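> Let me see the structure of the following:
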Amino acid sequence: MPTLIRVGHKGADAIVPGNTLASFDAALEAGVDMIEFDVLPEQPDGGGELLVVHDHDELRRHGAPSLGEVLQHFCSPAYATTRLQLDLKRRGREEDLIEALRAAGVLERSFVSSGAWRSLEALRKLAPELAIGWTVSAGISRVPLLGRVAGRSSRVALGRVAADRIRSGAIDALVPQWQLVSRRLVDTVRDAGGEIYAWTVDDAAQIHRLAELGVTGIITNDPRLFALS
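Now for the predicted structure:
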């Protein structure tokens, strides 16, 4: 079985509130290989500074560090081998995101995921060398690219579309909600030459099951669970 990539969701949200420097440090202490965090423009209309926060309600309640501040934090020697997964929450700021990654010198170890195809297409054009992933939630029947499908048929369609996009070079990975993951989906994605990261898994037994299926990586709020699975 390939070595599992251990990914901390928002850092280690179950240990320290996520999308914060302290949470990223907690994830590193717990032994993750990659840290996932959210990127959102400061203003609801897409303007303002790029921040590390899940949504604007969270921003109003707790505030948020800037993307630049977070990327500088990840430039410290302690994070030298840690990969970064940026979950882009809004279209239209792809160029700013790429510029920030390049300015911080972390583009080569970054992985950007999104559920918006236009964002993924823009990212591919702006930085062909950047690893990008298509995020898909369990509400898969609402994904336009899959047409009017539901249940098991939608999962088969998901594998087919993801494999086609991987082979074409449009994406490098599929990032499905864990409930969508089956051995067939894993095999389809891997046979196409892609990676597959399951989110967000906060149960040791499920982590073990998904690892046995052969997923590339698992995203969890509690990285301590990897030691128990």
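> Counting neighbours, what do you get for Gly115?
Per other C-beta atoms under 10 Å, the neighbour tally for Gly115 reads 16. Any C-beta I mention is one placed from the backbone N, CA and C, and that applies to glycine too.
> residues touching the residue nearest to it when sequence neighbours are not counted, list them.
Once flanking residues are discounted, Gly115 sits nearest to Thr135: 4.4 Å by C-beta to C-beta, 6 or more residues apart in numbering. The contact partners of Thr135, by C-beta atoms under 8 Å, 6 or more residues apart in numbering, come to 87, 113-115, 175-176, 199.
> Partner strands of the strand of greatest length in the chain and their direction?
For the chain, the strand with the greatest residue count under DSSP state E is strand 34-41. If you go by DSSP bridges, strand 34-41 pairs up with strand 5-9 (parallel), strand 50-51 (antiparallel), strand 83-88 (parallel).
> and the longest one, how far from the chain's centre?
On the basis of C-alpha atoms, centre = their mean, to the nearest Å, strand 83-88 sits 5 Å off its chain's mean C-alpha point.
> What's the mean pLDDT across that strand?
The predicted model assigns strand 83-88 a mean pLDDT of 98.
> what's the answer for the first one, then?
Across strand 5-9, pLDDT averages out at 98.
> Mind listing residues that contact that strand?
Contacts of strand 5-9 (C-beta under 8 Å, 6+ apart): 18, 23-24, 27, 30-36, 83, 85, 197, 199-200, 216-221, 223, 226.
> now those residues: which count as buried?
18, 23-24, 27, 30, 32-36, 83, 85, 197, 199-200, 216-221, 223, 226 (16 or more other C-beta atoms under 10 Å).
> ok, then the element right after the longest helix seen in the chain?
Counting by DSSP state H, the longest helix found in the chain is helix 151-168. Counting by DSSP states H and E, the next helix or strand C-terminal to helix 151-168 is strand 173-176.
> Mind giving me the packing neighbours of that following strand?
Applying 3 or more C-beta pairs under 8 Å, 6 or more residues apart in numbering; DSSP states H and E, one finds that strand 173-176 contacts strand 110-114, strand 131-136, helix 151-168, helix 183-191, strand 195-198.
> redo that, cut-off 10 Å
strand 83-88, strand 110-114, strand 131-136, helix 151-168, helix 183-191, strand 195-198, strand 217-220 (3 or more C-beta pairs under 10 Å, 6 or more residues apart in numbering; DSSP states H and E).
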